[in-house]
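> Sequence plus predicted model, see below.
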Amino acid sequence: MSPRTRYEKEMRSEDVLTTSAHPDADVTIAVVVQFNTPDQSKFSYELNQDLTRTAIAALHELGARVELHDVAHDRDPNFAAIAAADGILVLGGGDVDAALYGHYDPVPNEGGKDRRADEREIRIIQSGIAADAIMLHLCRGSQLLNVACGGSLIPDVESANLNPPNLHKGPKGSPLFLDEEVQLAEGSIVRELYGSERLVVRNGHHQAVDRVGEGLRATAIAHDGVVEGTERIDNTWIIGVQWHPEEAQASPKDREILFAAFLEQVRARAASTEHETTGATYAHPTMG
């Protein structure tokens with residue numbers, strides 16, 4: 001079988017910036033995204049574009065500015081600008097290189113692997129954890145959060161003999177995304193946000209968190225036992241969700257709840273930082 005021809009159109013910032021920030025936007029979000037993958041198809045390109053557009057539009061609608069940082073570009077992302085942002089949103093993309101979590105066998109259904117992009121994102125995530133940044137990770141972002149903390153992934157849920165099967169994406173020949181119910185852990189951030197022990201989410205993934213990384217705890221579990229959400233235990237607000245609140249048919253209300261909570265934390269941190277900066281007092285020099 002001949003290799004699949006790569007879809008050669010390259011995504012750029014202007015392709016996803018279809019909305020604008022409000023004039024009174026008060027915080028800046030560094031959106032970390034893998035614009036292009038080495039083996040992208042027209043379908044994966046357009047899907048990535050649509051998901052990124054929806055996420056950006058949600059941030060703009062809720063009063064934030066957006067700075068895009070492409071980890072797949074030949075140039076390194078601006079790590080300093082990401083660290084200086086008020087909050088960090090890590091979006092989805094291709095598969096995580098399995099060698100990063102100690103898996104060296106072939107991965108069924110693998111696609112979009114880009115080791116350089118993985119390593120850049122892991123650096124961003126680990127730096128954010130060390131700085132106690134306010135961070136939200138979606139899909140691949142959630143997987144990389146786990147790997148960055150020393151955890152592992154299920155390389156391919158379709159071949160993992162899970163029971164019941166086919167919970168996390170549509171079967172071949174069907175739409176990729178489907179609705180899936182997950183159970184939210186008591187005391188978790190997502191349980192508090194949604195006010196329920198169960199939540200129907202929009203899913204379409206073939207990799208997922210396996211062994212939960214150090215300093216993380218599982219916050220959402222699927223009916224087959226797969227971890228669908230995590231959060232950092234000792235950080236202020238660093239969470240990951242495997243599902244796609246930014247997918248077109250996901251619940252707009254559920255998307256707004258998650259993104260609004262993220263920005264509420266971002267604004268609280270920004271206000272606290274501003275207070276610490278402007279409220280500093282200085283002793284007068286002693287007169288001799």
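Structure received.
> worst-scoring helix or strand of the protein, pLDDT-wise?
Lowest mean confidence among the helices and strands of the chain (mean pLDDT, DSSP states H and E): helix 252-278, at a mean of 92.
> these two touch, right, Ala25 and Ala64?
Yes: between Ala25 and Ala64 there is a contact at 5.8 Å, judged by C-beta atoms under 8 Å. In short, each C-beta sits where N, CA and C put it, glycine included.
> Looking at those two, which is more packed in?
With neighbours defined as other C-beta atoms under 10 Å, Ala25 and Ala64 compare such that Ala64 has more, 25 against 16.
> Specify the beta-bridge partners of that one.
Judged by DSSP bridges, the bridge partners of Ala64 are Val27.
> got it, and the one 5 residues further on?
According to DSSP bridges, the partner residues bridging His69 are Val32.
> Spit out the contact partners of the closest residue to Lys113 other than its chain neighbours.
Excluding the flanking residues, the one nearest Lys113 by C-beta to C-beta, 6 or more residues apart in numbering is Asp95, at 5.0 Å. Remark: with contacts taken as C-beta atoms under 8 Å, 6 or more residues apart in numbering, Asp95 is in contact with 107, 110-113, 140, 206-207.
> Can you pull the phi/psi pair for Asp95?
In terms of degrees, to the nearest 10, the main-chain angles of Asp95 are phi -70, psi 150.
> Tell me how far it lies from Thr37.
According to C-beta to C-beta, to the nearest Å, Asp95 stands 9 Å off from Thr37.
> Now the common contact residues for the two.
Shared between the contact lists of Asp95 and Thr37 (criterion: C-beta under 8 Å, 6+ apart) are residues 111-113.
> hmm, which two among the contacts of Asp95 are most spread apart?
Within the contacts of Asp95, Val107 and Arg140 form the most distant pair, 14.3 Å apart (C-beta to C-beta).
> Looking at these two, which one has more neighbours?
Applying other C-beta under 10 Å to Val107 and Arg140 shows that Arg140 carries more neighbours, namely 25 against 19.
> And Gly204, how far from Asp95?
With distances taken as C-beta to C-beta, Gly204 is found 13 Å from Asp95.
> do the same with Ala83
Here Ala83 is placed at a distance of 26 Å from Asp95 (C-beta to C-beta).
> the helices in this protein, which residues?
13-16, 42-61, 79-84, 115-130, 140-148, 189-194, 252-278 (DSSP state H).
> is it true that Asp179 touches Arg202?
Yes: when contacts are counted by C-beta under 8 Å, Asp179 is listed as touching Arg202 (6.4 Å).
> Of these two, which one has the most company?
Neighbours of Asp179 and Arg202, each counted by other C-beta under 10 Å, are more numerous for Arg202; the result is 19 against 12.
> could you list every residue that touches the residue nearest to the more buried one when sequence neighbours are not counted?
Setting aside the residues directly before and after it, Arg202 is nearest to Ala250 in space (C-beta to C-beta, 6+ apart), at 3.8 Å. Ala250 is in contact with 201-202, 243-244, counting by C-beta under 8 Å, 6+ apart.
> Same question for Glu180.
Contacts here follow C-beta under 8 Å, 6+ apart; on that basis Glu180 touches 167-168, 200-203, 222, 228, 243.
> run the last query once more with 6 Å
When contacts are counted by C-beta atoms under 6 Å, 6 or more residues apart in numbering, Glu180 is found next to 167, 201, 203.
> Cool, thanks, signing off.
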